[in-house]
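# turn this into a structure:
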Amino acid sequence: MATTTETRAGGGSRSRSWVWTAGTGVALLVLLTIHMVAHHFVVERIGGLRTYQDVLDYVGNPVMFVIEALFLVVVTIHAMLGLRSVLFDFGLSDHTKRLADRGLVVLGVLTVAYGFVLIGVLASKA
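Modelled structure (predicted):
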């Protein structure tokens, strides 16, 4: 029991995970607000929806490209940390936790890579 208390009090992986989850959550609020405003409230069309060409023009803007890419990275990190917390709540062994960590890192990297390809394809058509 002392080891668990020392790990938590000493800023162990649980504390770091919580700080990263909270930090990405705050970043998501900011990025989601920018995303929603840019996609739905600054559009001149009725209903606030963009056409395909509007989306291409939007993603073709370097600033918006960076914001959307950052949004992708932050939401992926937040999701992988949340999934990690849920998995760890099942009381996994240390070995299984390490495997889960590695698997989530791989899943997160693949997700971000796929998202960058999609964003890049859209930006290249702009």
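
# spatially nearest residue to the residue most central in space within the chain, not counting backbone neighbours?
The centroid of the chain falls nearest to Val75 when counting by CA atoms, centre = their mean (1.6 Å). Leaving aside its chain neighbours, Val75 sits nearest to Leu28 (6.1 Å; criterion: CB to CB, 6 or more residues apart in numbering). C-beta coordinates here come from the backbone N, C-alpha and C atoms, glycine included.

# can you check Leu49 too?
Sequence neighbours aside, Val43 is the residue nearest to Leu49 in space, at 6.7 Å (criterion: CB to CB, 6+ apart).

# so the one you found touches Arg50, yeah?
Yes. Counting by CB atoms under 8 Å, Val43 touches Arg50, with 5.6 Å between them.

# count the residues that sit near Tyr58.
19 (other CB atoms under 10 Å).

# do you know the pLDDT at the residue nearest to it when sequence neighbours are not counted?
Excluding its sequence neighbours, the residue lying closest to Tyr58 (CB to CB, 6+ apart) is Met64, at 5.4 Å. pLDDT recorded at Met64 is 88.
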